[in-house]
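K.L.:
okay, here's the prediction I keep looking at, along with the sequence it came from:
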Amino acid sequence: MAKRKTDGKQMDEFRKHLTEFREGLGLNKKEFSLELGMSISVVQKIEKGYKNPGYKFLKVLNEKYPEIDILEWFGFKVVS
């Protein structure tokens, strides 16, 4: 099996939130990828840590689900 490319605390946080969010919607990876208009392999690779979410993925995720705080998903806290 290939080594994870996205090791690191921030990516671990993002993957955890992404998976929990998808499961909370009651969607499997295929259904979620269809919702986003992405291939299932993109979702699988991101959730398993073999691929970082790119700009397009994050943009589509934010547009489809504006309630998500993507910075928080990466473990950042915005202080005002």
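P.N.:
Now that the structure is in, tell me what you want to look at. Model, not experiment: these values are computed from the prediction.

K.L.:
helices or strands up against the helix or strand of the chain with the lowest mean pLDDT?
P.N.:
The weakest-scoring helix or strand in the chain, judged by mean pLDDT, DSSP states H and E, is helix 70-73 (a mean of 91). Counting contacts by 3 or more Cβ pairs under 8 Å, 6 or more residues apart in numbering; DSSP states H and E, helix 70-73 packs against helix 9-24, helix 55-64. Just so you know, the C-beta spots here come from the backbone N, C-alpha and C atoms, and that holds for glycine as well.

K.L.:
looking at these, which is buried most?
P.N.:
helix 9-24 (a mean of 15; mean count of other Cβ atoms under 10 Å).

K.L.:
that one: how far from the chain's middle?
P.N.:
Distance of helix 9-24 from its chain centroid, counting by Cα atoms, centre = their mean, to the nearest Å, is 6 Å.

K.L.:
quick one: residues in contact with it.
P.N.:
Contact with helix 9-24 is made by 6, 29, 32, 43, 46-49, 52-53, 65, 68, 72-76, as judged by Cβ atoms under 8 Å, 6 or more residues apart in numbering.

K.L.:
any idea how far the most centrally placed residue in the chain lies from residue 79?
P.N.:
Centroid check for the chain by Cα atoms, centre = their mean gives residue 18 as the closest residue, at 4.1 Å. Relative to residue 79, residue 18 is positioned 24 Å away (Cβ to Cβ, to the nearest Å).

K.L.:
buried ones in the least confident helix or strand of the chain, by neighbour count?
P.N.:
70, 73 (16 or more other Cβ atoms under 10 Å).

K.L.:
what comes into contact with that helix?
P.N.:
13, 14, 17, 18, 58, 61, 62, 78.

K.L.:
return that helix as PDB; C-alpha atoms alone will do.
P.N.:
Output of helix 70-73 as PDB, limited to C-alpha atoms (Å, rounded to 0.1, in the frame of the first residue of the first chain):
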ATOM      1  CA  ILE A  70     -13.300  24.800   6.500                       C
ATOM      2  CA  LEU A  71     -10.600  26.600   8.600                       C
ATOM      3  CA  GLU A  72     -11.900  24.900  11.700                       C
ATOM      4  CA  TRP A  73     -11.800  21.500   9.900                       C
END
